[in-house]
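Peer 1: Return atomic coordinates for the entry below.
(chains A and B)
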Amino acid sequence: MKAPTLLPLDKDKHFGRLVIIFVSVGFIAIFAAGLAAAFAVQRNGEHTAWLIHTYDVERAIGRVDSAVQSMRFARRGYLLDRRPAIREDYAEARGDLQRAIDRVAELTRDNAMQQRLIPQVRALAREMDAMLLFTMAEADAGRMTGIGRRAGDAGSADVSSRIQKATAAMLAEEQRLLGQRVRAQQSSITLFYWALGLGGILLFFVAIGSVATIRHYTSGLMRSRNQLRVLNEDLEGAVRVRTIDLQRANDEIQRFAYIVSHDLRSPLVNVMGFTAELDAATHSLRALIDRAEAEAPAIVTEEARLAAREDLPEAIGFIRTSTQKMDRLINAILRLSREGRRTIAPETLDMVGMFQGVADTLRHRTEEVGATIRIADDLPPMVSDRLAVEQIASNLVENAVKYLRRDRPGIIEVTGQRRGLRVLYQIKDNGRGIDPKDHERVFDLFRRSGEQDQPGEGIGLAHVRALAYRLGGTITVASQLGEGAVFEVNLPAVFAGAGEKDR
Amino acid sequence: MNGQQPVNIVMIEDDEGHARLIEKNIRRAGISNAIRHFVDGTSALKYLYEDSSGPALNGPALILLDLNLPDMSGTDILAKIKGEGPLKRTPVVVLTTTDDKIEIQRCYDLGCNVYITKPVNYESFADAIKQLGLFLSVIQVPDLDSD
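Peer 2: From the prediction side, this is the model:
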């Protein structure tokens, strides 16, 4: 038989584990890339917020500068044209400056360097404010001279330029930070793209790997399926071949038994036939002796008379009984061999009815010996060959009746149970029992056990066992000498071998 | 029986003892026709079909056939005789030890005229042969030439 090989299971398992590891690694990598991208996006958001912050700071610083300029313009304007509206402008610009400085201070609270510059700017702003207010108050008092104004101008210009220097330093610091932050943002964007690209590449490879694996697996599965189908067909073929082999062996035995029994019968026909011829010849011989004795007693010897009247008839008698017995034995073998060749026809059997029928046919015998047959009314039914089961049942019950003890009333009980797919029937008697050493022997052909006071050839139980085997069952006996016997038949509840055993 | 052409009895039986017993009983039954005895199928077929005194070429016959022969199966011989050919109307009596129903049916299907089981019980055996004798005395062997 051709035996296609499947993928070795071990290798398969190893491969499967490897695939799972690779795919998991791939997906973890993709997940990591996704995380990195998310992280990069989040970082980018932070950086953007910081950029905006930087611009805010720059704008606030710009407002400081412009407020300083507005204060100076307002003062100069006031000196030229002392209108209260201009004075109000100044106050407004002064407030603006204050607010702008506060704003810057607030925005740059996290920056130590900027914080260091803030008090300086505040001091300068106060100084300039004082200086400007002083010149305006001088002007109000009418003491403002051209020199004083110029001196005031120069002083305020100096202070404002110092303020501008400070704010320029702050701006420079912010510019530095801006540059840093832009670079950081760029790097986070680069990281994002890298992560995205790497993720994409990983995804690509995992996808290719997955598809390849699936294809590999699918083709492996297809191959396995085809192999399985081939195996399956092969298996059926193998079973068929074995069945045919078994069938052939069985047929061979049957044929052997059949031929042997026939070929044994053939010489027996001669033995019987010529014995009859001898017998016939003896009759004429005896008649001759009788006549000789009557007419010429002198010629009849004692030997001749004995031979004709006793020896010959006795020898012929023994030959006859022996050949008759041999004929019965051969017929028994023949019957067994025929039983094996008979086609089994399974049908549903009512076992209570069947045993009842057997008991009825034995009624005459049981009444004669005073025996009772009790049949349980819960015997499980079965699907099997009626004739074979009937022969098993009748043989066992008949045996039970046959070998009862005469010193006590015979009781024969038939019980049965279903055990899964099997059915068990017990035939129990209180008869003479069977010596345990003969338990196997009683099932052999032509073998009997115990006192040979009953007619029989030792065929019944051999026949029963052959039938039980044929039906896919077994038979066992449990018994002690003098204490009755229990024969248990174990048969399949549904005969299943019909298609295989029969042609 | 046909006066001009006495029926020859052709006995195909491998067991000499059986043959002798059969012959004895036939004679006892009062039948005096010639008996030709063959112990194997080959020589019997040769005689049946080719011998100048054989039934195919010369006169009617009755065939006594045993099924268990050393060289071929008796049923094959039966099939050959009862198949196409000059002997298909020749009566054939199968006389054998087999009492298997299937075997008997097969022989009748093949065209055997009478099937007799050789009983081990000699009285029944002798009876059977006597019956055969009666049978031989009443059968009308057809004149093959006029057919």
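Peer 1: what packs against the lengthiest helix in chain A?
Peer 2: Looking across chain A with DSSP state H, the single longest helix is helix A:146-295. Judged by 3 or more Cβ pairs under 8 Å, 6 or more residues apart in numbering or on different chains; DSSP states H and E, the packing partners of helix A:146-295 are helix A:9-80, helix A:112-141, helix A:302-306, helix A:312-341, helix A:498-501, helix B:16-28, helix B:122-138. The C-beta positions use only the backbone N, C-alpha and C, and glycine is treated the same way.
Peer 1: Next, find the distance separating the closest residue to residue A:316 other than its chain neighbours from residue A:307.
Peer 2: Of all residues not flanking residue A:316 in the chain, residue A:279 sits nearest, at 5.2 Å (Cβ to Cβ, 6 or more residues apart in numbering or on different chains). With distances taken as Cβ to Cβ, to the nearest Å, residue A:279 is found 14 Å from residue A:307.
Peer 1: what helix or strand is the residue nearest the centre of chain B on?
Peer 2: Nearest to the geometric centre of chain B sits residue B:64, at 1.7 Å (Cα atoms, centre = their mean). Counting by DSSP states H and E, the element that carries residue B:64 is strand B:61-65.
Peer 1: try residue A:469
Peer 2: With DSSP H and E as criterion, residue A:469 is part of helix A:460-470.
Peer 1: Report how many residues lie close to the closest residue in space to residue A:465 that isn't next to it in sequence.
Peer 2: Excluding the flanking residues, the one nearest residue A:465 by Cβ to Cβ, 6+ apart is residue A:443, at 4.5 Å. Applying other Cβ atoms under 10 Å in any protein chain shown, we find 20 residues neighbouring residue A:443.
Peer 1: What of the one 5 residues further on?
Peer 2: By other Cβ under 10 Å, 18 other residues sit near residue A:448.
Peer 1: Reduced to three states, what does it come out as?
Peer 2: Here residue A:448 is recorded as coil under DSSP: H, G, I helix; E, B strand; the rest coil.
Peer 1: now the one 3 residues further on
Peer 2: When classified by three-state DSSP, residue A:451 comes out as coil.
Peer 1: so where's the chain uncertain?
Peer 2: By default, I'm working from chain A. Filtered on pLDDT under 70, chain A yields the residue ranges A:1-13, A:144-149, A:151-152, A:497-503.
Peer 1: wrong chain, I was asking about chain B
Peer 2: Scanning chain B for pLDDT under 70 picks out B:1-5, B:120-121, B:136-147.
Peer 1: Enumerate the residues of it near chain A.
Peer 2: B:15, B:17-18, B:21, B:24, B:68, B:97-98, B:100, B:118-123, B:125-126 (Cβ under 8 Å from any Cβ of the partner chain).
Peer 1: Could I get the buried residue list for the helix holding residue A:469?
Peer 2: Across helix A:460-470, burial judged by 16 or more other Cβ atoms under 10 Å in any protein chain shown covers A:460, A:461, A:462, A:463, A:464, A:465, A:466, A:467, A:468, A:470.
Peer 1: Name every strand pairing with the following helix or strand past it and say which way it goes.
Peer 2: Counting by DSSP H and E, the next helix or strand C-terminal to helix A:460-470 is strand A:474-479. Here strand A:474-479 has these sheet partners by DSSP bridges: strand A:485-492 (antiparallel).
Peer 1: Show me the contact partners of the partner strand.
Peer 2: Applying Cβ atoms under 8 Å, 6 or more residues apart in numbering or on different chains, the contact partners of strand A:485-492 are A:382, A:384, A:389, A:392, A:396, A:399-400, A:403, A:421-429, A:431, A:433-434, A:464, A:468, A:471-479.
Peer 1: Pull out the buried members of those.
Peer 2: For the contacts of strand A:485-492, a burial check counting by 16+ other Cβ under 10 Å picks out A:382, A:384, A:389, A:392, A:396, A:399-400, A:403, A:422-423, A:425-429, A:431, A:433-434, A:464, A:468, A:471-473, A:475, A:477, A:479.
Peer 1: The closest residue to residue B:55 other than its chain neighbours: neighbour count?
Peer 2: Sequence neighbours aside, residue B:61 is the residue nearest to residue B:55 in space, at 3.5 Å (criterion: Cβ to Cβ, 6+ apart). Counted with other Cβ under 10 Å, residues neighbouring residue B:61 total 24.
Peer 1: Tell me the spacing between residue B:61 and chain A.
Peer 2: Separation of residue B:61 from chain A (Cβ to the nearest Cβ, to the nearest Å) stands at 25 Å.
Peer 1: pretty sure that residue is touching residue B:10, no?
Peer 2: Yes - if you go by Cβ atoms under 8 Å, residue B:61 and residue B:10 touch, sitting 5.4 Å apart.
Peer 1: Need the residues touching each of those two.
Peer 2: In contact with both residue B:61 and residue B:10: B:48, B:55, using Cβ under 8 Å, 6+ apart.
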